[in-house]
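*Asks:* no sequence on hand, only this structure:
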């Protein structure tokens, strides 16, 4: 039986990651989900798509924040939505499916399973409840935590990334509502759909302000509303498997050199999404009850 694999956050500006990618084994008949942050440059992005489409029968991609970066010197026609549309053009040249294409149905599943890549961005709502978005940005800056998106991820023609996020959520909801209710769903997004998936606790608590750039509360219940069997995401560089409301969530990041085991090779870091695989809840995850307690103390 063929497998559906997933990976994200390849960050190919790093030579070690590019070298690892070239060692990837061929998987004829298998499909691959690539959940964003492949590369900042179009050259590296196309390099990855060319390799993936040689190794797998079908490749499905959704953008991360790094792909959407534009240098400050970039013209308005190369920023924001225009940048995203440029990436879509590259994907279509390789036959890679995107959030703008018809959703595919996984062919080797006892019950049909629609694979739905979406692109929702973030709106700074993953923040302490008593802070406004502007206050939360000040809080993050005071903590020494700031995302490079604030300089390099533009939102044209939208007034802000939050406005672009709102538009993407409306668009994605409309498409997800159209999925045949007789099918299960694999939801794919670069950003986590729920704030309680963020791993910022214990020694990592100092990074909690980074949650501002990690998603939107608008997607909190999408795994239930849209009948997800599995949710695939990245962005956090914290590969884990967890369950929410009986739905399996898979964070599938590779990450920067040092985040992953170079000895085992890249193929080891591909996550099996379908057929079902055993899962364990990683101890670093914030569980919902714990997150609510943390908020009540703020």
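*Replies:* Good, I have the coordinates. Fair warning: this is a prediction, and the values are worked out from it, not measured in the lab. Numbers count the residues shown, from 1 in each chain.
*Asks:* any idea which helix is longest in the chain?
*Replies:* Residue-count comparison of every helix in the chain, with assignments taken from DSSP state H, identifies helix 161-177 as the longest.
*Asks:* in that helix, what's buried?
*Replies:* Burial within helix 161-177, assessed by neighbour count using 16 or more other Cβ atoms under 10 Å, is assigned to 161, 162, 164, 165, 166, 168, 169, 172, 173, 175, 176. Where you see a C-beta, it was placed from the backbone N, CA and C, and this is true even at glycine.
*Asks:* can I get those in TSV with distance to residue 144?
*Replies:* As requested, the buried residues of helix 161-177 are arranged in TSV below (distance: Cβ to Cβ, whole Å):
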residue	distance to residue 144
161	21
162	23
164	26
165	25
166	29
168	29
169	30
172	33
173	36
175	39
176	37
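*Asks:* and which of the residues you listed is nearest to residue 210?
*Replies:* Relative to residue 210, the closest of the buried residues of helix 161-177 is residue 161; by Cβ to Cβ it sits at 14.9 Å.
*Asks:* now the closest one. Nearest residue, chain neighbours left out?
*Replies:* Counting by Cβ to Cβ, 6 or more residues apart in numbering, residue 161 lies nearest to residue 155, which is 4.8 Å off, once chain neighbours are set aside.
*Asks:* show me what contacts that neighbour?
*Replies:* For residue 155, the residues meeting the contact criterion (Cβ atoms under 8 Å, 6 or more residues apart in numbering) are 80, 161, 163, 164.
*Asks:* list just the nearest of the buried residues of helix 161-177 to residue 113.
*Replies:* Proximity to residue 113 was ranked across those by Cβ to Cβ; first place goes to residue 176, at 14.0 Å.
*Asks:* I'd like the distance between the closest one and residue 196.
*Replies:* Computed as Cβ to Cβ, to the nearest Å, the residue 176 to residue 196 distance reads 21 Å.
*Asks:* the helices in the stretch 151-298 of the chain, which residues?
*Replies:* Defined through DSSP state H, counting those that start in this stretch, the helices belonging to the stretch 151-298 of the chain, from first to last, are 161-177, 222-225, 288-296.
*Asks:* please compute how far the longest one lies from its chain's middle.
*Replies:* With Cα atoms, centre = their mean, to the nearest Å as the basis, the distance from the averaged C-alpha position of helix 161-177 to the chain average is 15 Å.
*Asks:* dump the buried residues of helix 161-177 into JSON lines; add pLDDT and distance to residue 200 as well.
*Replies:* Compiled in JSON lines, the buried residues of helix 161-177 are given as follows (pLDDT from 0 to 100; distance: Cβ to Cβ, whole Å):
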{"residue": "161", "pLDDT": "98", "distance to residue 200": "20"}
{"residue": "162", "pLDDT": "98", "distance to residue 200": "21"}
{"residue": "164", "pLDDT": "98", "distance to residue 200": "24"}
{"residue": "165", "pLDDT": "98", "distance to residue 200": "20"}
{"residue": "166", "pLDDT": "98", "distance to residue 200": "24"}
{"residue": "168", "pLDDT": "98", "distance to residue 200": "24"}
{"residue": "169", "pLDDT": "98", "distance to residue 200": "23"}
{"residue": "172", "pLDDT": "98", "distance to residue 200": "25"}
{"residue": "173", "pLDDT": "98", "distance to residue 200": "27"}
{"residue": "175", "pLDDT": "98", "distance to residue 200": "31"}
{"residue": "176", "pLDDT": "98", "distance to residue 200": "28"}
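*Asks:* and the longest helix of the chain, what other elements does it pack with?
*Replies:* Helix 161-177 is packed against helix 222-225, with contacts defined by 3 or more Cβ pairs under 8 Å, 6 or more residues apart in numbering; DSSP states H and E.
*Asks:* the helix it packs on: which residues count as buried?
*Replies:* 222, 223.
*Asks:* pull the residues that contact that helix.
*Replies:* Taking Cβ under 8 Å, 6+ apart as the criterion, the residues outside helix 222-225 that touch it are 173, 176, 187, 193, 194, 228, 231, 244, 245, 247, 249.
*Asks:* mind checking which of the residues you listed are in strands?
*Replies:* Where these overlap with strands, as defined by DSSP state E, the overlap consists of 187, 228, 231, 244, 247, 249.
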